[in-house]
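Participant: Sequence plus predicted model, see below.
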Amino acid sequence: MRTLRTSWALLTLLIALAALPAQAGGLVVSVSQPQVRITSSFTGAELVVFGVAEAQNGDDGPIDVVVTVRGPGERFTTWRKSRVLGLWVNSDSRTFVEAPAFLAVLSSRPTDQMASPETLRVEQIGLNYNILVQRVGPDFTDVVPSDPFRTAFLRIQAAQGVYREDPRGVGFLAPRVFRAEVGIPGTAPLGRYSVAVKVFRNGSIAATELTSFDVNKTGFEQKIAEFSQRDGWLYGLVVALGSLAVGFMGNLLFRRD
């Protein structure tokens, strides 16, 4: 099934490329599956991003490609612990506002070899250059990459498998045909994921293309989620009655006379 999806995505990509005008310098991108369905047995999924970059004005020189996948924005809080009277307690915190719940940066080579730090910052290429807005007191701002709260946040997200950067994650099937495998972990949040593909030539952006895919629950899990959101009070009542019933049955089965 995965092979069929991959082949279909590549075929769609080639058809779209044929429809482009010659020498247009276009970039065509396709994702192997537009939707990831989560069931009770879901442990993760592998998506493939295909792309074709046309030459600009007859320039057939080498290109660099970066594929950035961002999940839905969420609010995260990072805490700093301090030693007080021999105990480690939370002493300070920073809240990240609308930070991607999932972030993967895949490139054809290390990003710091593609362009200047200024260009990487403007284009948000790489984990260190992605904008992560923090709430600092009454203000909202991004900070330098060496900020301890930012560094801790990236480390925690990477340890949980939802942030990753792979400088060899984009491979070329032909000089201007590329592919990148995106691993979606079993803990992936639900929602729409954006895919930004950027092509560099001689240290400058030559083309950009955006696409997306969705991660949704399906089957019984989805019906339960929809029921809990649509009729919250009834869902809570059913859960409470179910808990009482389980407790009552457990008491009957395991009580000692």
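Facilitator: Perfect, I can see it now. Numbers count the residues shown, from 1 in each chain.

Participant: Show me the helices in the protein, by range?
Facilitator: Under the criterion DSSP state H, the chain contains helices at 2-18, 117-123, 148-159, 220-230, 232-254.

Participant: least reliable of these going by mean pLDDT?
Facilitator: Here the lowest mean pLDDT among the helices of the chain goes to helix 2-18, at a mean of 51.

Participant: Near Trp88, how many residues? Count them for me, please.
Facilitator: 9 (other C-beta atoms under 10 Å). Backbone N, C-alpha and C define where each C-beta goes, glycine included.

Participant: Ramachandran angles for Pro189?
Facilitator: When quoted as degrees, to the nearest 10, the phi and psi of Pro189 stand at phi -70, psi 160.

Participant: What number of residues are in the vicinity of it?
Facilitator: So Pro189, with other C-beta under 10 Å, has 15 neighbours.

Participant: I'd say it and Phe102 touch.
Facilitator: Yes - using C-beta atoms under 8 Å, Pro189 makes contact with Phe102 at a distance of 6.5 Å.

Participant: what sits in contact with each of those two?
Facilitator: Taking C-beta atoms under 8 Å, 6 or more residues apart in numbering as the criterion, Pro189 and Phe102 both touch 71-72, 162.

Participant: quick one: which of those residues has the most company?
Facilitator: When neighbours are taken as other C-beta under 10 Å, the top entry among the shared contacts of Pro189 and Phe102 is Gly71 (22 neighbours).

Participant: got a list of what the nearest residue to that one once chain neighbours are set aside touches?
Facilitator: Closest residue to Gly71 apart from its sequence neighbours, by C-beta to C-beta, 6 or more residues apart in numbering: Phe102 at 3.0 Å. By C-beta under 8 Å, 6+ apart, the contact list for Phe102 reads 69-72, 162-163, 184, 188-189, 193.

Participant: mind redoing it with 7 Å?
Facilitator: 69-71, 162, 188-189, 193 (C-beta atoms under 7 Å, 6 or more residues apart in numbering).

Participant: ok, now how distant is it from Val69?
Facilitator: According to C-beta to C-beta, to the nearest Å, Phe102 stands 7 Å off from Val69.

Participant: got any residues that touch both of the two?
Facilitator: Tyr193.

Participant: ok now do Tyr163, which residues does it touch?
Facilitator: Per C-beta under 7 Å, 6+ apart, neighbours of Tyr163: 103, 127, 154, 157.

Participant: Rebuild these as CSV, extending it with neighbour count and distance to Phe254.
Facilitator: Shown next, in CSV, are these (neighbours: other C-beta atoms under 10 Å; distance: C-beta to C-beta, whole Å):
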residue, neighbour count, distance to Phe254
Leu103, 21, 47
Leu127, 20, 51
Leu154, 19, 47
Gln157, 22, 42
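
Participant: Check the contact between Glu98 and Gly73; I expect there is one.
Facilitator: Yes - taking contacts as C-beta atoms under 7 Å, Glu98 lies within contact range of Gly73: 3.6 Å.

Participant: gap between Leu85 and Ser30?
Facilitator: Distance, Leu85 to Ser30, using C-beta to C-beta: 59 Å.

Participant: typo on my end, it should be Phe76
Facilitator: 32 Å.

Participant: of the two, who's got more company?
Facilitator: Between Phe76 and Ser30, counted using other C-beta under 10 Å, the more crowded position is Ser30 (24 against 17).

Participant: And the more buried one, how far from Ala115?
Facilitator: 25 Å.

Participant: Can you pull out the low-pLDDT segments for the stretch 51-200 of the chain?
Facilitator: Judged by pLDDT under 70, the stretch 51-200 of the chain has its weakly predicted residues at 57-60.
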